[in-house]
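Student: Quick one, fold the following:
(chains A and B)
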Amino acid sequence: MTISPADSDKILQCPLEGIITLRRLNLYYGDFHALMEVNAAFQQQSITALIGPSGCGKSTLLRTLNRMNDLIPGIRITGEVVIDGQDIYTPGVDLTQLRKKVGMVFQRPNPFPLSIYDNVVYGPRLHGRPGRRELENLLEHSLSSVQLWDEVKDRLQTPALALTEEQQQRLCIARLLAVEPEILLMDEPCSALDPLATLRIEELMRELKKLYTIIIVTHNMQQAARVSDDTGFMYLGDLVEFGDTGQIFTRPRDTRTEDYITGKYG
Amino acid sequence: MDQGKFVERVLFLLALSSISSLVVITVFIFLEGLPLIFQTGLTDFIFSSHWAPTKGHFGIGAMIVSSLLVTLGAMVLGVPLGLACAIVLAEFSSARVRAFLKPTLELLAGIPSVVYGFLGVIWLVPLIRNYLGGPGLSLLAAAVILGIMILPTVISISIDALTAVPDIYRDGSIALGATEWQTVRRVVLPAASSGIITAVILGMGRAVGETMAVIMVAGNAIKLPASILDPVRTLTSNIALELGYAAGRHREALFATGIVLFVIIMILNLSATLITRRR
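Tutor: Predicted coordinates:
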């Protein structure tokens, strides 16, 4: 890839290829230019954090990766988002397959108003007709992966909404794991949780990293520093700086990044 | 006494008077009707189909069955149609289309029932008579007309129930790879189920209680229908048709019919309230 004049002011130390590679990605909400010439590469089996002040476009960027922005009227996207070697914005891409591969955890835990059991088997049932045994294996495996199995195994038929917020968020992650994704997108997954629950979810993320690629959007800089391998700092739709988390937080190269992480704004 | 307190008192009195008029009506109906039910015997009154009020036979069985069948028919036609309409408007239409169509559908509720009946008589009844046979004035005609009349109730309340389902559920489902239809069927409809059941029950209440349109198209024969093409007389029709010339025990029997209606509709409304509150 050649560096065009438009992104010559961006400081990119990351490799230019990853399991997800963004090339000159632009996104417009109507007339509003929400993402500007974003180039980035997200590495497999690592955690990448996207940080930046509110409205900088980090959630928007996250939602381009599983095409959740498609639901918004008046949206326009140019550039490439290549996942596993395929540009997901080429016509004819199977959105179902894409979203199976690239799962998402939301800001507010959103288990469906169904039983715990029905929440976990929701995805597998969408994509096929799994047998009873298969579902039970998936159920135990997914819930164990998020360390929820022991807490809920005796009450799988109770409503998911009766769980605590933290348990609900774990359940949402388990629901995702049940469709066997490769990439987990997390949009401020801890913003509704207390500090201890936040730490436990971060612990879980480190565990999940061994098998999955995780991209997390967070308002919480300490969280990004604690949990991520790579960090991208966004400002007004621009991916200002992208690289190794340690470097970004100790020796940022852009003054905007430095001002943000030292708390001068944001 | 300051002005605010005074206004409050006046409003309280007005509220009290409207509630007490409801109580008075209820008490009056029961006072007028209950003695006859006791004299005839509740089982005879409800299960006998022999209605010859001038000769002392007061059995409203056929009319109860007819009312229930007409209502059931209206539900069979109106609920799928109304629910489908609500799903399309709430889930698959742009906000602009919804903003135009929902008030339009609610306008249907404002059409006087005699107009529905009139349309039924000049359009639906001949259609049934010519193509399906029978006199045309029939259970089927009443069910079709009522099925259309309950649409605004079913659609409007169902749309409210569907739009009340938070978007985070839809997002969660779509993000798992579900299509919009899968999302509606597996998440949104279950989440909205209590509201939709309420819509159906209130639609039923409307169908059971409707009088004018039914009188005009149902044929009003007092017998148990053998087919959907037979004429039937519902509880409401019976009261409206006979009250003009009824006297004495006959008049009491009509009030007793009113009690049965009252109880049916009470049960429906109460269950709607309970189901809504359960969430």
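Student: now the chain, which segments are flagged as low pLDDT?
Tutor: No chain specified, so I'll use chain A. Regions of chain A meeting the criterion pLDDT under 70 cover residues A:1-16.
Student: wrong one, chain B
Tutor: Low-confidence regions of chain B, defined by pLDDT under 70, span residues B:1, B:278-279.
Student: Name all residues that make contact with B:Ile37.
Tutor: Each residue near B:Ile37 by Cβ atoms under 8 Å, 6 or more residues apart in numbering or on different chains is listed here: B:45, B:256, B:259. C-beta: built from backbone N, CA, C; applies to glycine.
Student: sorry, that was for B:Glu242
Tutor: Contact partners of B:Glu242, counting by Cβ under 8 Å, 6+ apart, are B:53, B:250, B:254.
Student: Neighbour-wise, which one of those residues leads?
Tutor: Within those, neighbour counts (other Cβ atoms under 10 Å in any protein chain shown) peak at B:Leu254, which reaches 23 neighbours.
Student: wait, what's in contact with that one?
Tutor: B:33, B:238-239, B:242-243, B:246.
Student: Could you pick out the buried ones from those residues?
Tutor: If you count burial by 16 or more other Cβ atoms under 10 Å in any protein chain shown, the buried members of the contacts of B:Leu254 come out as B:33, B:238-239, B:242, B:246.
Student: if we can go back for a sec, identify, from the contacts of B:Ile37, the entry nearest to chain A.
Tutor: Within these, proximity to chain A (Cβ to the nearest Cβ) peaks at B:Ile259, which comes in at 39.6 Å.
Student: and that closest one, that one's in a strand?
Tutor: No - assigned with DSSP: H, G, I helix; E, B strand; the rest coil, B:Ile259 falls outside any strand and is helix.
Student: Need the three-state assignment for the nearest residue in space to it that is not next to it in sequence.
Tutor: When the adjacent residues along the chain are set aside, B:Ile259 lies closest to B:Gly33, with 4.5 Å between them (Cβ to Cβ, 6 or more residues apart in numbering or on different chains). Following three-state DSSP, B:Gly33 is assigned to helix.
Student: didn't B:Gly33 look like it was pressed against B:Phe255?
Tutor: Yes - with contacts counted by Cβ atoms under 8 Å, B:Gly33 reaches B:Phe255, the gap being 3.5 Å.
Student: OK, contacts around the residue nearest to B:Ile259?
Tutor: B:252-259.
Student: mind running it again at 7 Å?
Tutor: Contacts for B:Gly33 were tallied using Cβ atoms under 7 Å, 6 or more residues apart in numbering or on different chains; they are B:252, B:255-256, B:258-259.
Student: same question, B:Leu139
Tutor: Listed by Cβ under 7 Å, 6+ apart, the contact set of B:Leu139 reads B:66, B:69-70, B:73, B:218, B:225, B:228, B:230, B:232.
Student: how about the helices of the stretch 1-150 of chain B, start to end?
Tutor: Using DSSP state H, counting those that start in this stretch, the helices found in the stretch 1-150 of chain B span residues B:3-40, B:42-47, B:61-91, B:95-108, B:113-119, B:125-131, B:139-149.
Student: Most tightly packed of those helices?
Tutor: Of all the helices of the stretch 1-150 of chain B, helix B:139-149 carries the top mean neighbour count, a mean of 27, counting by mean count of other Cβ atoms under 10 Å in any protein chain shown.
Student: between it and helix B:61-91, how many degrees?
Tutor: For helix B:139-149 against helix B:61-91, the angle between stretch directions is 30 degrees (axes from the mean of the first three to the mean of the last three Cα atoms, to 10 degrees).
Student: packing partners for whichever helix or strand comes after helix B:139-149?
Tutor: Counting by DSSP states H and E, the element after helix B:139-149 in chain order, helix or strand, is helix B:151-163. Identification of packing neighbours for helix B:151-163 by 3 or more Cβ pairs under 7 Å, 6 or more residues apart in numbering or on different chains; DSSP states H and E yields helix B:61-91, helix B:95-108, helix B:193-209.
Student: Dump these into CSV; add distance to chain A as well.
Tutor: As requested, the helices and strands packed on helix B:151-163 are arranged in CSV below (distance: least, Cβ to the nearest Cβ, whole Å):
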stretch, distance to chain A
helix B:61-91, 12
helix B:95-108, 9
helix B:193-209, 9
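Student: how about the residues of the stretch 151-266 of chain A near chain B?
Tutor: Listed as neighbours of chain B in the stretch 151-266 of chain A under the rule Cβ under 7 Å from any Cβ of the partner chain: A:Val179.
Student: show me what contacts B:Thr183?
Tutor: Taking Cβ under 7 Å, 6+ apart as the contact definition, B:Thr183 lies against B:170, B:173-174.
Student: which among the residues you listed are in contact with chain A?
Tutor: Within the set of these, contact with chain A (Cβ under 7 Å from any Cβ) is found for B:Ile174.
Student: Show only the entries of the contacts of B:Thr183 found in strands.
Tutor: Using DSSP state E to define strands, no part of the contacts of B:Thr183 is located there.
Student: Mind putting the contacts of B:Thr183 into TSV with neighbour count?
Tutor: Formatted as TSV, the entries for those read as follows, by neighbours: other Cβ atoms under 10 Å in any protein chain shown:
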residue	neighbour count
B:Arg170	20
B:Ser173	25
B:Ile174	24
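Student: Spatially central residue in the chain, please.
Tutor: I'll assume chain A. Centre of chain A computed as the mean C-alpha position; nearest residue by Cα atoms, centre = their mean is A:Leu185, 1.7 Å away.
Student: My question was about chain B, not that one.
Tutor: For chain B, the residue sitting closest to the mean C-alpha position, by Cα atoms, centre = their mean, is B:Arg206 at 1.9 Å.
Student: Report the contact partners of that residue.
Tutor: The neighbours of B:Arg206, taking Cβ under 7 Å, 6+ apart as the test, are B:149-150, B:153.
Student: can you check A:Thr231 too?
Tutor: Contacts here follow Cβ under 7 Å, 6+ apart; on that basis A:Thr231 touches A:49, A:51, A:224, A:245, A:248.
Student: so who does the last one touch?
Tutor: Going back to what we said before, that points to A:Ile248. With contacts defined as Cβ under 7 Å, 6+ apart, A:Ile248 is in contact with A:231, A:233, A:241, A:257.
Student: Okay, and which of those map to helices?
Tutor: Using DSSP state H, the members of these that fall in helices are A:Thr257.
Student: sorry, back to before: quick one: which of the contacts of B:Glu242 is nearest B:Pro190?
Tutor: When these are ranked by distance to B:Pro190 (Cβ to Cβ), B:Leu254 comes first, at 43.7 Å.
Student: in which helix or strand would I find that closest one?
Tutor: When elements are assigned from DSSP H and E, B:Leu254 belongs to helix B:248-278.
Student: the inter-axis angle of that helix versus helix B:3-40?
Tutor: Angle, helix B:248-278 to helix B:3-40, by the same axes, to 10 degrees: 130 degrees.
Student: buried set for helix B:248-278?
Tutor: Buried positions in helix B:248-278, judged by neighbour count with 16+ other Cβ under 10 Å: B:249-262, B:264, B:268, B:272, B:275-276.
Student: Stretch A:130-147 too?
Tutor: Buried residues in stretch A:130-147, counted by 16+ other Cβ under 10 Å: A:135, A:138-139, A:142-143, A:145-146.
Student: With respect to B:Phe6, which of those residues is nearest?
Tutor: Relative to B:Phe6, the closest of the buried residues of stretch A:130-147 is A:Val146; by Cβ to Cβ it sits at 62.0 Å.
Student: Thank you kindly, that will do.
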